[in-house]
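A.B. asks: Next come a sequence and a model predicted from it.
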Amino acid sequence: MEYSTLSVTMENGVACIKLDRPEVMNALNTQMRAEITEAATSMGKEARVVVLTSTGRAFCSGQDLGDRTNAANVDMERTLRDEYEPMLRAIMDCPVPTITALNGAAAGAGANLALAADVVIGAHSSYLMQAFTRIGLIPDAGGTYVMPRTMGFAKAMGASLFAEKISAVDAANTGLIWEAVPDESFEETWKARAGQLANGPTVAYRNVKKALRSSLRNTLDEQLALEARLQKECGQTRDFAEGVLAFTEKRAASFEGR
């Protein structure tokens, strides 16, 4: 498929989806949301890991306030339900691991788009900002769901009310993202992380995602039952047999993803 707002590539099982509207700091318009949804859905079927990053100096500045299809009098509830939710679901429910390579500023809905991935790796110079109250809104695009569960209630409340920048280093220290790395080693690091996942046991990764995301709503009994079902599935894969054999032979495992 041809994309007008994204650059999408695939190499060695790693699909890289780059937001590509640098002239507006990769702000989200209707077209970009639709293309991210389509790209994440299709690449999730073809790749072994999906990376979300961007071109230019910003990751994503949030909603494109100049988008005429989303003017001030637009039905925000409809936009969130019909455009943002499918985009976020495509990333969160992707059957393979997803990584956000946070290369710059991520504000408003752009911050929460970044946080939708399984793992966020940020360059030291990057930051996130829940900028919504600056224009009289509340955090959306999943922000009020993700933040309390990652950085804790108090930090989430402060981030939402004060709308201040959260550096990648602080975000990593509070548990909002996985890690922050120096700018000079940022690209090398996220590519190495993506390669590691692309060469790993994809069924196990898929079930890790299911188990951890389900744990946020399950009771202990429900979660223990889910673990047992998912572990049974993992135990029947070639990757499990290979992992055990590699362990006994004291060598690196060669996973096939089945």
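C.D. replies: Sure, I can see it. Residues are numbered from 1 along each chain as shown.
A.B. asks: Tell me, please, the helix or strand in this protein that averages the lowest pLDDT.
C.D. replies: Using mean pLDDT, DSSP states H and E, helix 76-79 stands out as the lowest-scoring helix or strand of the chain, at a mean of 92.
A.B. asks: Tell me the helices and strands packed up against it.
C.D. replies: Helix 76-79 makes packing contacts with no helix or strand when contacts are defined by 3 or more CB pairs under 8 Å, 6 or more residues apart in numbering; DSSP states H and E. The way it works is simple: take the backbone N, C-alpha and C, and place the C-beta from them, glycine included.
A.B. asks: would you list every one of the strands in this protein?
C.D. replies: Counting by DSSP state E, one finds strands in the chain at the ranges 6-11, 14-19, 49-54, 58-60, 98-102, 105-107, 119-123, 127-129, 165-167, 179-181.
A.B. asks: and the first one, which residues are buried?
C.D. replies: When burial is assessed from 16 or more other CB atoms under 10 Å, strand 6-11 yields the following buried residues: 6, 8.
A.B. asks: pLDDT on it, on average?
C.D. replies: On average, the pLDDT along strand 6-11 is 96.
A.B. asks: again with the second one
C.D. replies: Here strand 14-19 scores 98 as its mean pLDDT.
A.B. asks: nearest to residue 28, of the strands of the chain?
C.D. replies: strand 58-60 (6.4 Å; CB to CB).
A.B. asks: What residues does residue 103 make contact with?
C.D. replies: 53-54, 59, 123, 126, 186 (CB atoms under 8 Å, 6 or more residues apart in numbering).
A.B. asks: just residue 107 next, same as before
C.D. replies: Contacts of residue 107 by CB under 8 Å, 6+ apart are 60-62, 128-129, 131.
A.B. asks: Distance-wise, check it relative to residue 27.
C.D. replies: Noted for residue 107: a distance of 9 Å to residue 27, by CB to CB, to the nearest Å.
A.B. asks: what is in contact with those two at once?
C.D. replies: 60-62.
A.B. asks: wait, doesn't residue 253 sit right on residue 242?
C.D. replies: Yes. Between residue 253 and residue 242 a contact is recorded at 5.3 Å, counting by CB atoms under 8 Å.
A.B. asks: Alpha carbons of stretch 241-258, in CSV - could you do that?
C.D. replies: Output of stretch 241-258 as CSV, limited to C-alpha atoms (Å, rounded to 0.1, in the frame of the first residue of the first chain):
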residue,chain,number,x,y,z
ALA,A,241,11.7,-27.6,22.3
GLU,A,242,14.6,-25.6,20.7
GLY,A,243,15.0,-23.5,23.8
VAL,A,244,15.4,-26.5,26.0
LEU,A,245,17.7,-28.3,23.6
ALA,A,246,19.9,-25.1,23.3
PHE,A,247,20.0,-24.8,27.1
THR,A,248,21.2,-28.4,27.5
GLU,A,249,23.7,-28.0,24.7
LYS,A,250,25.0,-24.7,26.1
ARG,A,251,24.4,-22.7,22.9
ALA,A,252,22.2,-19.9,21.7
ALA,A,253,18.7,-20.9,20.6
SER,A,254,17.6,-20.5,17.1
PHE,A,255,13.9,-19.7,17.2
GLU,A,256,11.5,-20.1,14.3
GLY,A,257,8.6,-18.3,15.7
ARG,A,258,6.4,-21.4,16.0
